[in-house]
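Undergrad: What follows is a protein structure lacking sequence information:
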Ligand code: GLN
């Protein structure tokens, strides 16, 4: 049986030939998961021989990754805002940029305020979970039109023991009951915002594996900002706030949508690349 170092070398070489970015990192993370250790601990165990079943599983993982399946789907999990979120191919993989959206919300509300939050298009439930975990008196409604996404979100809220304060609804924002009108302090969303004509330029990992309905609105990229703003202004209380994640170059148009619908004090937050990543509007 090959040892740890030999396996890492072979698989790094293989992934690199297939065109996978950061092949060594990928090879190490997959092996660490199988050996149930931290990636850096592999460096203390280079000589360690592997068991047959471990090598077989590793081969399967490396083969999947070589076909551009995202690492996070193979591992079945990702870290988001310091918490572990389960993922599968029914949900978008939570992105680092989305942590900026969480920071923006947490900076706008006092930690102990009893806020009522609506997370539109919750996917894996990462946003709802991160907010509920950091705002102990918040109630979060997490909605999604995909039943498969709802199942994963539910598992996440349960394993994080947040299911008491997070309510999941399998619905479109337009189908939410009118009884919920004027009941939210804030609406948060990272909607599918890639325009259809840009979709094919995305990485293979996204096009071939992530759910298309979570990535593109099949239109100009602004469909959900329009829908959520329009319905959102009825769902929000007076002075309620909307927090959107946006893509590159979208902030002017989204600001316009918000202003036209009666939102004011529109602010943006840039990401580490200088792109306007979060837009905040307040309903007056
Ligand atoms: N709310 C999830 C996230 O931010 C899913 C978003 C989506 O599917 N567009 O990752």
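TA: Here it is on my side, so go on. Owing to the predicted nature of the structure, the values given are computational and were not obtained by experimental measurement.
Undergrad: So what's the residue count around the nearest residue to residue 267 once chain neighbours are set aside?
TA: Closest residue to residue 267 apart from its sequence neighbours, by C-beta to C-beta, 6 or more residues apart in numbering: residue 280 at 4.7 Å. (Each C-beta comes from the backbone N, C-alpha and C, glycine too.) Using other C-beta atoms under 10 Å, residue 280 has 22 neighbouring residues.
Undergrad: On the pLDDT front, check residue 280 for me.
TA: Predicted confidence (pLDDT) for residue 280: 98.
Undergrad: need the residues of this structure near the ligand, please.
TA: Residues of the chain that fall close to the ligand, judged by C-beta under 6 Å from any ligand atom: 92, 94, 98, 121, 122, 123, 126, 127, 190, 191, 192, 214.
Undergrad: Just list the residues touching residue 4, thanks.
TA: 31, 35, 42, 45, 46, 47, 48, 50 (C-beta atoms under 8 Å, 6 or more residues apart in numbering).
Undergrad: Top of those residues by number of neighbours, please.
TA: residue 31 (23 neighbours).
Undergrad: Pretty sure it sits in a helix.
TA: Yes - under DSSP: H, G, I helix; E, B strand; the rest coil, residue 31 falls within a helix.
Undergrad: correct me, but it touches residue 58?
TA: Yes - between residue 31 and residue 58 there is a contact at 6.0 Å, judged by C-beta atoms under 8 Å.
Undergrad: got any residues that touch both of the two?
TA: 7, 11.
Undergrad: could you pull out the strands for the stretch 151-284 of the chain?
TA: Assigned by DSSP state E, counting those that start in this stretch, the strands in the stretch 151-284 of the chain fall at 166-170, 184-189, 236-245, 263-270, 276-283.
Undergrad: Compute the inter-axis angle for the last one and strand 236-245.
TA: Angle of strand 276-283 versus strand 236-245, following axes from the mean of the first three to the mean of the last three C-alpha atoms, to 10 degrees, is 170 degrees.
Undergrad: after the helix or strand where residue 53 lies, next one along is what?
TA: In the assignment (DSSP states H and E), residue 53 maps to helix 52-66. Sequence order places helix 71-75 as the next helix or strand after helix 52-66, per DSSP H and E.
Undergrad: Can you name the residues that contact the residue of the stretch 101-250 of the chain found nearest the ligand?
TA: Closest residue of the stretch 101-250 of the chain to the ligand, C-beta to the nearest ligand atom: residue 123 (2.7 Å). Residue 123 is in contact with 91, 92, 94, 144, 146, 149, 152, 153, 214, counting by C-beta under 8 Å, 6+ apart.
Undergrad: And the residue nearest to it when sequence neighbours are not counted, its phi and psi?
TA: Of all residues not flanking residue 123 in the chain, residue 91 sits nearest, at 4.4 Å (C-beta to C-beta, 6+ apart). Backbone torsions of residue 91, given as degrees, to the nearest 10, read phi -130, psi 150.
Undergrad: what about residue 91, how many residues close to it?
TA: So residue 91, with other C-beta under 10 Å, has 27 neighbours.
Undergrad: Could you report the pLDDT at it?
TA: So, for residue 91, pLDDT stands at 98.
Undergrad: ok now do it, which residues does it touch?
TA: 123, 124, 146, 148, 149, 152, 153, 211, 214.
Undergrad: Now the buried members of those residues.
TA: 123, 124, 146, 149, 152, 153, 211, 214 (16 or more other C-beta atoms under 10 Å).
Undergrad: Test my guess that the fifth one contacts residue 124.
TA: Meaning residue 152. Yes - at 5.4 Å, residue 152 counts as touching residue 124 under the criterion of C-beta under 8 Å.
Undergrad: I'd guessed residue 162 sits against residue 135; true?
TA: No - using C-beta under 8 Å, residue 162 is not in contact with residue 135, being 10.8 Å away.
Undergrad: What ranges does the stretch 1-150 of the chain have for its helices?
TA: 4-17, 23-34, 52-66, 71-75, 98-108, 126-134, 147-159 (DSSP state H, counting those that start in this stretch).
Undergrad: ok and the first one relative to helix 23-34, angle-wise?
TA: In terms of direction (the same axes, to 10 degrees), helix 4-17 departs from helix 23-34 by 130 degrees.
Undergrad: I am finished for the moment; much appreciated.
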